[in-house]
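Participant: Provided below for reference: sequence and predicted model.
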Amino acid sequence: MDERNGGPTPRRLEGRYNLNTEKTARILFQFLSSKTFEQPTTQWLNHSASSSALSLQPPAPPTRHSSLLMLRATIANLLQKYRDANGKVVHVQHIVPDGTPIFTPDTPLGDILPELKPQGSEAVIKKNHPSAFADTKLEETLEAKSKIVLTGYMAHVCVSTTARDAARLGYDVVIPLDCIGDRDIPGAKGDEVVDMVAKELGDAFGTIVQSKDIK
């Protein structure tokens with residue numbers, strides 16, 4: 001049973017989590033241009049922005065534009081919470097080869113959404129693989145942070161792969177359920193994909209919360 005239903009997952013039983021914006025790092029798997037998304041495609045915990053690093057991952061096109069707009073707003077609100085607390089923020093941008101129809105470099109399809117653009121000294125990690133740790137300097141960028149909050153797209157690719165890698169590397173992983181999303185894939189709607197990813201990650205690799213739980 002996952003933590004949204006009060007179940008005693010292995011991660012929860014360890015009792016390791018004391019998360020706030022000062023002690024965590026947020027990683028945003030960076031949203032790109034809304035034009036990209038319009039393309040068709042087949043609490044027992046104390047959370048805060050001071051104890052985590054926030055990570056923000058590039059999305060693939062969802063099928064419901066209204067859901068994307070809501071998700072963008074929720075992530076933007078959490079991002080502002082970290083900024084207000086002077087928390088650690090890391091933006092992760094997925095780089096694709098020239099000519100790729102999604103996230104095409106140097107075109108509007110590759111532009112970062114305005115409400116999620118990096119500000120000031122916020123780090124930007126460019127990646128070529130699903131995991132934000134693969135062939136990047138994310139570990140060094142996180143510095144002494146041991147807890148990370150993952151947000152963005154796609155739940156079953158970039159978010160999931162990065163969460164598993166982070167757990168393997170010893171990070172305490174937190175995923176705000178209302179800050180991750182996915183597109184429809186063959187055999188499953190985007191919301192169904194997100195729900196299953198949350199169940200898998202919450203059981204063994206991280207803690208599933210809502211963004212309001214991070215103080």
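Facilitator: The structure has been received and is ready for your questions.

Participant: Nearest spatial neighbour of the most centrally placed residue in the chain, chain-adjacent residues omitted?
Facilitator: Among the residues of the chain, the one closest to the centroid is Thr151, at 1.9 Å (Cα atoms, centre = their mean). Spatially, and ignoring its direct neighbours in sequence, Thr151 is nearest to Cys179 (3.8 Å; Cβ to Cβ, 6 or more residues apart in numbering). The way it works is simple: take the backbone N, C-alpha and C, and place the C-beta from them, glycine included.

Participant: tell me which strands and helices the strand or helix carrying Glu192 is in contact with?
Facilitator: Assigned by DSSP states H and E, Glu192 falls within helix 190-204. Secondary-structure packing of helix 190-204 (3 or more Cβ pairs under 8 Å, 6 or more residues apart in numbering; DSSP states H and E): helix 10-14, helix 160-168, strand 172-176, strand 207-209.

Participant: Just the angle for the longest one relative to helix 190-204, thanks.
Facilitator: Put plainly, it is helix 160-168. Angle, helix 160-168 to helix 190-204, by axes from the mean of the first three to the mean of the last three Cα atoms, to 10 degrees: 10 degrees.

Participant: quick one: average pLDDT of the longest helix belonging to the chain?
Facilitator: The helix that spans the most residues within the chain, counting by DSSP state H, is helix 65-84. Per-region confidence: helix 65-84 scores 89 on mean pLDDT.

Participant: Report the buried residues of that helix.
Facilitator: Within helix 65-84, the residues that count as buried by 16 or more other Cβ atoms under 10 Å are Ser67, Leu68, Leu71, Arg72, Thr74, Ile75, Ala76, Leu78, Leu79, Lys81, Tyr82, Arg83.
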